[in-house]
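*Asks:* Need coordinates for the below:
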Amino acid sequence: MAKQSGKAIRAASGGNLIGPWLAQALADGKAVLGTSATRQTITYVGVGHTESFDDPEEWVRADFWAELIYRLKYPEQRIAIEVPVPDRVPGDYADLVVCQDDARTRPFIVVECKADGIGQSEFEQAVEQAVGNGSGHKFRAEYVAVVAGRSRRVLDVSDRFGILERVKNEVADLPADYKDPAAYRLRKSATPGDPSDLRPATKEELITILEKCHDALWEGGRLSPPQAFSELCKFLFVKIADEKKARKVGEPYEVQIKTGETADALAARIHTIYQAHRRSDPDIFTEDLRVGPQKIRVLVEHIQSTSFGGSDLDAKGIAFERFMDSFFKGGFGQYFTPREVVSFAVAMTDVEPDEWVVDPACGSGGFLLHALEDVRRKVDGYATPGSAEHYQMWNDFATKRLFGIEISEEIARICKMNMILHGDGHTNIVAHDALVRPAVLLSLNQGLRMGSFDVLLTNVPFGAGLTLDEHPYLAEFRYLGNTEVVTKTKGTVRKPRKSQKSEIIFLERIEQLLRPGGRAAIIVPDGILTNASTGYVRDFLLGHFQINAVVSLPVEAFTHYGANVKASVMFLRKLDKGESPNPDAPVFLAEAASVGYDATGRAAPNQLPDILAAYREFCRDPRRNLVEVPDLGSPASEDEGDE
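*Replies:* Next up is the predicted model:
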């Protein structure tokens, strides 16, 4: 049996996608790539047929053609390509026809190939086209298949079923070598790369799979974007749980479509898995699956062959974040901080495996995940990768030292799912308002103790106005929830403000969460650093922290996500007990003109790595690299309109 790595490569001459099966066919000389003056070509040697290889649909056909040869054991000379459909009206062609004879006159399988990434409606149209061509008076084949990357559907179109049947005649996989189809396509194997087992995916494949699933769930607006995303997370939860289940070699996976299985039977199995694992970890999902049997069938069709657990961590991280990139734009942009900015902030902060880390506004979990990845790389230097010691070090960090708070329950679930995809770390994600009384947070999770965290990483919520009437806890924030008022009888007293902006009050909660000497990387709107009305905020910062660095970000950093705000990243160290502020301490200042993408999201230069290198040099010799520091602590009058 041929073994496949599951990876796809790009053809050197044209950047075309070469799947794992086609790579083997090219190596064996069964297919040959060529070039003409205007295009790249592929020749299928066994039947002497040449096609353009510049079309993504051809990439799918070529790889599946090779899979028919190597995995399903059909002779290459019996696989016809681009075959005219017998019909009164000429002009329609079948992509692949597997015949039962060398003369290629008795069709057995008809295959319709589509480019990976097509929408669900186009996929369903392809199914109808394949059935129409394969059955009845046309090819009179036994089976038809529609292939669009990893999304596949195989139907028995023989006279054993009615011409309109589309469910009872679905089979798990095409039969191999003209035999009967198997009950299951996917089973656990002891041999790496066995094509009957799940296959890892590249980041591009993962992005496509996630987009297909989300489009199927969203269905033009029947579910809101966050609802659709939440349902997708539930489904990925089921898939990963099934992959982690202990099973014997040869035992089939449960998240797959069985031959002849109804949508109701498949849905019942998926619901059973979901409920069992939901009970064992009730903090992740509090609701039932909200999608019907037919929708579940479509989702399984898209993801059944992919190993999410076996896919590369970086590929999963980039794919999930890039997918969220499009989802979190506009109204949900506040829950997502771009990977380039997050990665830079985490690298500047330099988290260690034995430190306690928190994000009090964690959104989709970007800061926590990058901290986890950074620690995982550092653990490679402390213990042998793959050893029990290595696993324990980073797993202890993920499960015991990594904390997040997110006010939106839906986004908190997405954060947990994001972390599970990365190898876990979802244990200490709390869905709640991070500004409530400390005792409330402690009751939700015993790890959320004020003054206990070594590192805090966050993008503070911008622009929300909090009123004292709706949020009475504002009065308990001594410095930023109150203002000093001079009275005739009592002298200077502190009076609760009637309102306060969320980005300001969060700064005091950040100070409370950090231990003395703890570090923070905080994205804040520039108004906090520059407006005359926020002088009291700067006074608070300079009275409780040592400012290590301030890096100004371009407005494009958040424009792509629907937020037109100029922001900076502040890197702070909370003063130790008894330590006084040092106004002469050097501060690293930098301005990034570009962070890797422009306002439309297109690639652009990224200056953040250069700034990181300059900061590390500054830390080695701060006096030599000292830059003039503006006066951040000017005694500007407070804005009484905030009271």
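*Asks:* Averaged pLDDT, stretch 37-51. What do you get?
*Replies:* For stretch 37-51, the mean per-residue pLDDT is 93.
*Asks:* Repeat that for stretch 91-98.
*Replies:* Taken as a whole, stretch 91-98 has an average pLDDT of 94.
*Asks:* For the closest residue to Arg140 other than its chain neighbours, give the beta-bridge partners.
*Replies:* Of all residues not flanking Arg140 in the chain, Pro107 sits nearest, at 6.7 Å (Cβ to Cβ, 6 or more residues apart in numbering). No exception for glycine: its C-beta is placed from N, CA and C like everyone else's. For Pro107, the beta-bridge partners under DSSP bridges are Cys99.
*Asks:* so Pro107 touches Ala141, yeah?
*Replies:* Yes - applying Cβ atoms under 8 Å, one finds Pro107 in contact with Ala141, separated by 4.3 Å.
*Asks:* any idea how far Gly132 is from the residue nearest to Arg140?
*Replies:* From Pro107 across to Gly132, the span is 14 Å (Cβ to Cβ, to the nearest Å).
*Asks:* Of the two, which one has the most company?
*Replies:* Legend: neighbour count by other Cβ atoms under 10 Å for Pro107 and Gly132, higher for Pro107 (24 against 19).
*Asks:* ok, so what distance separates that one from Arg519?
*Replies:* Going from Pro107 to Arg519 by Cβ to Cβ gives 68 Å.
*Asks:* ok, now which ones touch Leu68?
*Replies:* If you count contacts by Cβ atoms under 8 Å, 6 or more residues apart in numbering, Leu68 has them with 74, 79, 96, 98, 109, 111, 174.
*Asks:* which stretch of helix or strand covers it?
*Replies:* Per DSSP states H and E: Leu68 is located in helix 56-70.
*Asks:* same check, this time on Ile611
*Replies:* Per DSSP H and E, Ile611 falls inside helix 608-620.
*Asks:* what's that helix in contact with?
*Replies:* Residues from elsewhere that reach helix 608-620 (Cβ under 8 Å, 6+ apart): 340-341, 343-344, 347-348, 549, 551, 586, 588, 590, 592, 595-596, 625.
*Asks:* and of the residues you listed, the nearest to Val565?
*Replies:* For the contacts of helix 608-620, the minimum distance to Val565 (Cβ to Cβ) is 13.0 Å, reached by Val341.
*Asks:* angle of the strand or helix carrying the closest one against helix 608-620?
*Replies:* Element membership for Val341 (DSSP H and E) is helix 339-349. When axes from the mean of the first three to the mean of the last three Cα atoms, to 10 degrees is applied, the directions of helix 339-349 and helix 608-620 differ by 10 degrees.
*Asks:* Name the strands paired with the helix or strand just after helix 339-349 and say parallel or antiparallel.
*Replies:* Sequence-wise, the next helix or strand downstream of helix 339-349 (DSSP H and E) is strand 357-359. According to DSSP bridges, strand 357-359 forms sheet pairs with strand 402-406 (parallel), strand 453-459 (parallel).
*Asks:* of all the ones you listed, which gets the most neighbours per residue?
*Replies:* Highest mean neighbour count of these: strand 402-406, a mean of 28 (counted as mean count of other Cβ atoms under 10 Å).
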